[in-house]
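Visitor: Sequence first, then the predicted structure, then my questions.
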Amino acid sequence: MPKTSEYVEKFHWHLWLLFALENWILDFGRPIAMLIFPLEWFPLNYPSVGDYFHMLYNILTPYYLERLINKSPMKFNRSLFHILMTIFVMGASIHLVGDSINHRLVLNGYQLHLSVRENPIMQKLEPKSLVESFELLYFYDEVLGHYMWYIPYFMCFLLFFNSSFIPDQRKKSNEINKSSSLPKSYWILALLNSTYYWYLATEGQITPLFVLCTIIMTIIYIIRRIKHNRMDINGHFLLLTFHLTIVFVSLWTVLFWNDEILRKKYEDSLIYVPEPWSVYSLYGKKLFLV
């Protein structure tokens, strides 16, 4: 049932800010923290600082998503949300384990811009069948873990976006102009969140999923406008953020479009979008060593 009669439209900047801080610190910041903190503080046979970041991310994200969806103009299916969050936590936890072991491989010479079998340290393994075990680990980390993590994550955003429409009862042009004025925090947070989602889509290798989600959101917007509904400011923010992300991902892909080394790693991918940390593994380390 709708709850629009009791809904007061306002920009939930505090929640979008929490999303931005959490994502930049606990997700993007994980591998950086592991490079900064001394190895002796977190021995290789114990969880690293990045693992603790990941655990905190897995706990906080469902809470923030529920807070966001609870503020939408329309009610949502709570059972569906709880199922999505269960899958989300399972996928993110699978990724936590795989990513933790992958980081230890990097510290021992694993090169992220190469496939598992092409890595020098893998070619030295005996028996050779051990490589298949690491390929299985890669599948859990980069494929199954990512999709169990990100599919419910973006479905929650779709759930929120679909609930962010209200009847367009504005008659006068001055009323429309007044309600459409956007605070400065809107643009700052849109940039912060969209640049993070660029990292998420590229590093997580989920660009097709992200593009599909953005297309569905755009279709929902068109259909709702035909029915004379309008987005509230938060739905508008989410749609703009996703469209900006598509622009950033496109520019990033064009930048490395002719890179033969990176293309070889992603030749089996649906579309070619290089991972930022693979780019760093190939070029960044050399720049820092100069």
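Guide: Ah, there it is. From a predicted model like this one, the values you see are computed outputs, not experimental measurements.

Visitor: Name the surrounding residues that touch stretch 232-240.
Guide: Defining contact as C-beta atoms under 8 Å, 6 or more residues apart in numbering, one finds that stretch 232-240 is touched by 7, 9-12, 16, 68, 71-73, 157, 160-161, 164-166, 182, 186, 189-190, 194, 217-218, 221, 231. The C-beta positions use only the backbone N, C-alpha and C, and glycine is treated the same way.

Visitor: got it, and stretch 121-133?
Guide: Stretch 121-133 is contacted from outside by 105, 108, 109, 110, 116, 117, 134, using C-beta under 8 Å, 6+ apart.

Visitor: On the pLDDT front, check the second one for me.
Guide: Predicted confidence (pLDDT) for residue 108: 81.

Visitor: Could you pull up phi and psi at residue 229?
Guide: With angles defined as degrees, to the nearest 10, residue 229 sits at phi -110, psi 160.

Visitor: which residue packs closest to it, ignoring adjacent ones?
Guide: residue 165 (4.2 Å; C-beta to C-beta, 6 or more residues apart in numbering).

Visitor: what pairs with that neighbour across the strands?
Guide: residue 231 (DSSP bridges).

Visitor: Retrieve the pLDDT associated with it.
Guide: As predicted, residue 165 sits at a pLDDT of 91.

Visitor: circling back to that earlier point, among the contacts of stretch 121-133, list the two that are farthest apart in space.
Guide: Farthest-apart pair in the contacts of stretch 121-133 is 108 and 117; separation 16.6 Å (C-beta to C-beta).

Visitor: Have a look at the two and say which one is more surrounded.
Guide: Shown here are residue 108 and residue 117; by other C-beta atoms under 10 Å, residue 117 has more neighbours (12 against 9).

Visitor: mind listing what residue 258 touches?
Guide: Residue 258 makes no contacts at all, as judged by C-beta under 8 Å, 6+ apart.

Visitor: check which helix or strand covers it.
Guide: Counting by DSSP states H and E, no helix or strand carries residue 258.

Visitor: which intervals of the stretch 1-150 of the chain have sub-threshold pLDDT?
Guide: Residue ranges of the stretch 1-150 of the chain with pLDDT under 70: 1-7.

Visitor: in it, which spans are helices?
Guide: When secondary structure is read from DSSP state H, counting those that start in this stretch, the stretch 1-150 of the chain shows helices at 13-22, 29-36, 49-70, 78-107, 120-123, 130-138, 145-162.

Visitor: Please convert those to CSV, extending it with distance to residue 270.
Guide: What follows is the helices of the stretch 1-150 of the chain, written out as CSV (distance: least, C-beta to C-beta, whole Å):
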stretch, distance to residue 270
helix 13-22, 27
helix 29-36, 24
helix 49-70, 26
helix 78-107, 19
helix 120-123, 24
helix 130-138, 17
helix 145-162, 12
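
Visitor: ok, and which of the ones you listed has the densest surroundings?
Guide: Ranked by mean neighbour count, the helices of the stretch 1-150 of the chain are led by helix 145-162 with a mean of 20 (mean count of other C-beta atoms under 10 Å).
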